[in-house]
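Colleague: Kindly generate the corresponding structure for this input.
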Amino acid sequence: MILDQKEINQYLQDYHNGKIAMGQGIGLKALDDNLRHKQGQLTIINGLDNVGKTISILWYFLALSIKHGNKWIVYSGENKGGQLVRQLIQFMTGKYLQDLTLAEVFHAELKIKEWFTFLDNERLYKSTDLFKIFADGDYNGCLIDPFTGMDREYTHAANYGFLNECRLFCNSSNKSLYVNTHVVSEAARRTYAEGSEYAGYPFPPSKSQSEGGQPFGNRTDDFLTFHRLVGHPAMGTKTMMFVRKIKDTETGGAVSPIDKPILLEFNNGLGFTIDGINPLTSVVASEIIQAPITPDIENFDNEIAPF
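Modeller: Coordinates of the predicted model:
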């Protein structure tokens, strides 16, 4: 089907008149200068195991929800939904779950439910199944966590087929899709060079070191790498966010310097801080204190989420 010329003309007119909208930020310049959430875009994320990819991106989603009311659907094949909701509640309130009253916990959970839907991870989904579920709901963004947690082939051709499905889904639905990926073994063996202040610790992976290789960098709009120096006395609680690719810089965002990632301090599990600022708790901490409700103790999952 030939693209309607009116669509092209409208874009040119809007661009000329300065009406091209910027992507959404979270109100924190240190992050917003490099990363913006944009509807209908594909974002690939990579990183070594246990660096905080899932928790970091969910924190970012929560910040966008608090500021803009965004709604998300999450398929996380490696984490229990209850664990992730517990972490989101702690991020949102700035308090540990056990320091909240049970009424406060459940009011916070209701707020999280307004913004987040979690898929059952006791089954494997084909990509077509996930995209149908994503398309049928009222969501701004979707997360597949991880790419390897689906029922599909992992050949070079199958990887390109999946990426083409991702692009088609984003284009047809105008929903944003984020995909977490693991890295190849080579990336896990690579360390900072002798003489570096981080000598011997794992080196951040590149785009091409994602499982599936460079096609994941080629076919995406934006690309993020999360990295953490697990066990390092000073950096062990700091997640490095590298913005590797921003396809559309006109609507905000920029590639971060290779030697100066955005640092997200874990803050003992109470919401990441950047340059000492937590953009979440000042907004919502007081809003969850409402009239008491009767908690559903039987269905409450209070397990501890891994970092």
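
Colleague: Return the residues in contact with G231.
Modeller: Y201 (C-beta atoms under 8 Å, 6 or more residues apart in numbering). From N, CA and C alone the C-beta is placed, and that goes for glycine too.

Colleague: any idea which element it lies in?
Modeller: Of the helices and strands defined by DSSP states H and E, none includes G231.

Colleague: Which pLDDT value goes with it?
Modeller: With respect to pLDDT, G231 scores 92.

Colleague: Need the CA coordinates for the strand or helix carrying R86. CSV is fine.
Modeller: If you go by DSSP H and E, R86 is part of helix 81-93. Taking C-alpha atoms only, helix 81-93 is exported to CSV below (Å, rounded to 0.1, in the frame of the first residue of the first chain):
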residue,chain,number,x,y,z
GLY,A,81,5.3,-10.7,39.6
GLY,A,82,5.0,-10.3,43.4
GLN,A,83,8.7,-9.7,43.8
LEU,A,84,8.6,-6.9,41.1
VAL,A,85,5.5,-5.3,42.6
ARG,A,86,7.2,-5.3,46.0
GLN,A,87,10.2,-3.5,44.6
LEU,A,88,8.0,-1.0,42.7
ILE,A,89,6.0,-0.2,46.0
GLN,A,90,9.3,0.5,47.8
PHE,A,91,10.5,2.7,44.9
MET,A,92,7.2,4.6,44.9
THR,A,93,6.9,5.1,48.7
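
Colleague: gap between that helix and the chain center?
Modeller: How far helix 81-93 lies from its chain's middle: 15 Å, per C-alpha atoms, centre = their mean, to the nearest Å.

Colleague: for that helix, which positions count as buried?
Modeller: Under the neighbour-count criterion of 16 or more other C-beta atoms under 10 Å, helix 81-93 has 81-93 buried.

Colleague: cool, and stretch 267-283?
Modeller: In stretch 267-283, the ones that count as buried by 16+ other C-beta under 10 Å are N267, G269, L270, G271, F272, T273, I274, N278, P279, L280, T281.

Colleague: by contact count, what packs against the helix holding R86?
Modeller: Judged by 3 or more C-beta pairs under 8 Å, 6 or more residues apart in numbering; DSSP states H and E, the packing partners of helix 81-93 are helix 53-68, helix 102-115, strand 116-118, helix 281-284.

Colleague: Can you check which of the ones you listed gets nearest to H227?
Modeller: helix 53-68 (9.4 Å; C-beta to C-beta).

Colleague: Please point out which parts of the closest one sit buried.
Modeller: 53-67.

Colleague: ok so, going back, and of the buried residues of stretch 267-283, the nearest to R244?
Modeller: Distances from R244 to the buried residues of stretch 267-283, taken by C-beta to C-beta, are shortest for I274, at 18.3 Å.

Colleague: Wait, that closest one touches K29, no?
Modeller: No - the criterion here is C-beta atoms under 8 Å, and I274 misses it with K29 at 9.3 Å.

Colleague: Done for today, thanks.
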